[in-house]
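**Student:** Fold the stuff below for me.
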Amino acid sequence: MLPLIEKLLHDAGCADNEAVRDAVEEACYNQTSFVDAVLDCEGVRERDFLVALGRTLQLPWWEANPTQPMDAAVRRTLPAELALRYRLLPLKLERPEEGEEGETVIHVATCDPLNLVARQHLAAAVPHPVVWHLGLRTQIVEGLQKLYGLGADTFEKILRGRGDWGSDEFREEVTVLDDEEDEEASVVRFVNQILRRGLEQRATDIHVEPQQDRLRIRYRIDGQLEELPVPENIKSLQSSVIARLKIMSRLDIAEKRLPQDGRINLELDGMGIDVRVATIPSVEGESVSLRLLGQQQFNIDRLGLTDTVRPVVDELLKLPNGIILITGPTGSGKSTSLYAFLSELNTTNRRIVTIEDPVEYKMPGIVQIAVKPEIGLTFATGLRSILRGDPNVVMVGEMRDLETTEIAIRAALTGHLVFSTLHTNDSIGGISRLVDMGVEPFLVSSAVRAFFGQRLVRRLCPVCSKPTAIERSYLESIGFPIGAPGEIREAVGCEACRDTGYQGRLSIYEVCLVTHKLQHLVNTRAHPAELHRQALEDGYLPMREYGFQKVLQGETTIEEVLSVTAMSRGDHESGAERAARSRKTSAATEPALAEV
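**Tutor:** Down below sits the predicted model:
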């Protein structure tokens with residue numbers, strides 16, 4: 001082994017690591033990058049090794065700054081294909097001051113300064129002296145994606161026809177992509193990169209949106225939309241990208257005037273991914289939205305229910321009949337909760353049948369039906385057939401109309417346990433929604449056993465979150481339970497969470513049990529304020545208070561809870577009234593369950 005490499009391994013603390021030494025010897029024998037060989041070994045700290053490498057080679061250290069935008073002007077100096085192939089990140093062009101002598105130099109960051117081939121190709125492609133910097137491999141890759149955009153090397157070769165960076169030797173290595181077949185293959189590769197990157201980033205949705213002068217691609221990650229950097233010239237290939245997505249989802253590529261719905265089945269690293277596709281015609285072209293649905297293990301324990309709500313859920317799932325409704329807006333996690341409840345009930349002595357639009361997740365042991373309005377299979381007609389099929393448990397994807405709702409109520413009154421969803425702002429609002437749809441109040445009070453309200457909030461990153469102190473006056477103004485056990489934490493941001501401070505999402509709930517007293521108020525068409533007051537007396541815990549419990553458990557932040565919950569009538573109580581009610585909540589839960 002070369003003395004320089006021996007010294008580098010010693011300075012980085014890897015000299016005694018047999019796996020590292022074997023990997024380096026193999027890299028030297030195969031004439032591949034020994035830096036990559038070391039960084040790919042388990043137990044090697046990337047920063048420690050590269051800092052030792054920079055100290056030995058006397059190279060300045062470069063650290064990524066998430067708040068500092070990349071220099072777009074330098075992007076045109078270094079071709080994307082070259083930069084991405086050798087992981088060379090152009091940082092800036094440094095020009096001499098006016099009146100000073102000298103020439104323009106380009107600053108470039110690398111994680112492998114010993115790659116002589118990369119140095120030669122860079123010298124041939126860039127007409128400026130190079131000032132080298134050393135940086136983390138992960139940060140350089142992220143910087144390249146941010147500067148050039150996903151798939152920039154592919155589109156650069158398509159549009160230029162060939163790579164030409166001033167060197168005959170380098171020109172021979174570039175594949176010419178000037179025929180239709182190669183261009184199509186490159187578009188296929190780019191679309192695959194979009195999907196793979198979205199799955200790696202834990203995106204739930206991907207939006208391909210044509211704009212007047214560009215094609216915008218955005219991911220929804222942890223409920224927040226984030227724009228994906230793409231090449232500037234992607235607009236010229238907009239129709240090819242959208243056509244590829246439509247072909248994958250078996251849609252009519254010639255139909256561009258009407259919305260279409262389709263589905264893509266993917267496999268990534270052995271895991272099946274179901275993608276729901278929807279196209280919308282716009283004035284700038286077709287917009288495509290993709291909902292990514294991975295294979296999940298549904299378990300009620302993964303819902304993270306608090307100690308006050310979990311016993312309520314367990315008792316409700318033991319009921320022989322009745323309707324359990326989950327309320328909330330689109331994307332609030334209702335389907336996940338429903339599947340978790342069904343998974344808990346999915347035993348050999350129960351027959352469970354669902355009707356959904358569409359079937360989002362396939363569950364073994366459960367009969368699942370997808371509605372098809374074009375052939376007359378609606379929620380109502382499907383539900384009638386289900387009831388003739390001897391089910392114990394029925395799940396209706398959504399109560400959209402009076403006919404479906406009345407059939408579901410009839411099923412609950414004839415001995416079936418029915419689960420479904422409603423689009424309302426809170427759980428108690430589900431009562432008014434059913435009555436407004438035309439359901440008689442006595443049927444609502446007789447059939448429905450509980451209303452669940454649900455929202456999703458971002459979960460704090462376990463790596464970088466830290467305790468914080470908040471003014472007492474502010475906590476009192478939002479109704480936070482001051483003095484309750486627990487700790488308030490805040491989001492910070494690190495590499496693990498992409499500097500957002502959050503990683504993943506969790507559900508917050510409110511459960512309104514339809515007790516005898518509440519039934520009486522429903523039958524008399526009482527005002528929603530009266531319903532809310534009675535529910536509080538029966539042990540109802542508003543969603544904001546449930547969220548505050550998650551804050552005290554260190555799982556999310558006050559800002560996240562406030563962003564998805566509205567101040568309820570209970571939030572106007574004084575601190576003493578709130579404390580007294582909180583003490584009574586646990587005691588009130590068991591009698592309320594007994595009534596249900």
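**Student:** how much space between Val20 and Ser33?
**Tutor:** The gap separating Val20 from Ser33 is 14 Å, by C-beta to C-beta, to the nearest Å. In short, each C-beta sits where N, CA and C put it, glycine included.
**Student:** Have a look at the two and say which one is more surrounded.
**Tutor:** Val20 (24 against 19; other C-beta atoms under 10 Å).
**Student:** Remind me which helix or strand the more buried one belongs to.
**Tutor:** Element membership of Val20 [criterion: DSSP states H and E] is helix 18-30.
**Student:** Tell me how far the very next helix or strand once past that helix lies from the chain's centre.
**Tutor:** Downstream of helix 18-30, the next assigned helix or strand under DSSP H and E is helix 34-39. Between the centre of helix 34-39 and the centre of its chain there are 32 Å (C-alpha atoms, centre = their mean, to the nearest Å).
**Student:** If you count contacts, what does the helix holding Val20 end up packed against?
**Tutor:** helix 3-11, helix 34-39 (3 or more C-beta pairs under 8 Å, 6 or more residues apart in numbering; DSSP states H and E).
**Student:** which stretch of helix or strand covers Leu305?
**Tutor:** Leu305 belongs to no helix or strand, assigned by DSSP H and E.
**Student:** which phi and psi does Pro329 have?
**Tutor:** Main-chain torsions, Pro329, degrees, to the nearest 10: phi -70, psi 170.
**Student:** Pull the contacting residues for it.
**Tutor:** Counting by C-beta atoms under 8 Å, 6 or more residues apart in numbering, Pro329 touches His423.
**Student:** Can you give me the distance of it to Lys550?
**Tutor:** For Pro329, the distance to Lys550 - C-beta to C-beta - is 19 Å.
**Student:** Could you tell me the average pLDDT over the helix holding Val20, please?
**Tutor:** What helix 18-30 shows for mean pLDDT is 73.
**Student:** do stretch 247-256 as well
**Tutor:** Mean predicted lDDT for stretch 247-256 stands at 91.
**Student:** That one: which residues count as buried?
**Tutor:** Neighbour counts using 16 or more other C-beta atoms under 10 Å place Met248, Ser249, Leu251 of stretch 247-256 among the buried residues.
**Student:** Distance check, the nearest residue to the first one once chain neighbours are set aside against Ser33.
**Tutor:** Spatial nearest neighbour of Met248, excluding adjacent residues (C-beta to C-beta, 6 or more residues apart in numbering): Ile264 at 4.9 Å. Noted for Ile264: a distance of 36 Å to Ser33, by C-beta to C-beta.
**Student:** circling back: got the buried residues of stretch 247-256 as TSV, with distance to Pro96 columns?
**Tutor:** TSV is the format used below for these (distance: C-beta to C-beta, whole Å):
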residue	distance to Pro96
Met248	52
Ser249	55
Leu251	56
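**Student:** what would the residues you listed look like in JSON lines with distance to Glu537 and secondary structure?
**Tutor:** Output for these, formatted as JSON lines (distance: C-beta to C-beta, whole Å; DSSP: H, G, I helix; E, B strand; the rest coil):
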{"residue": "Met248", "distance to Glu537": "55", "secondary structure": "helix"}
{"residue": "Ser249", "distance to Glu537": "51", "secondary structure": "coil"}
{"residue": "Leu251", "distance to Glu537": "53", "secondary structure": "coil"}
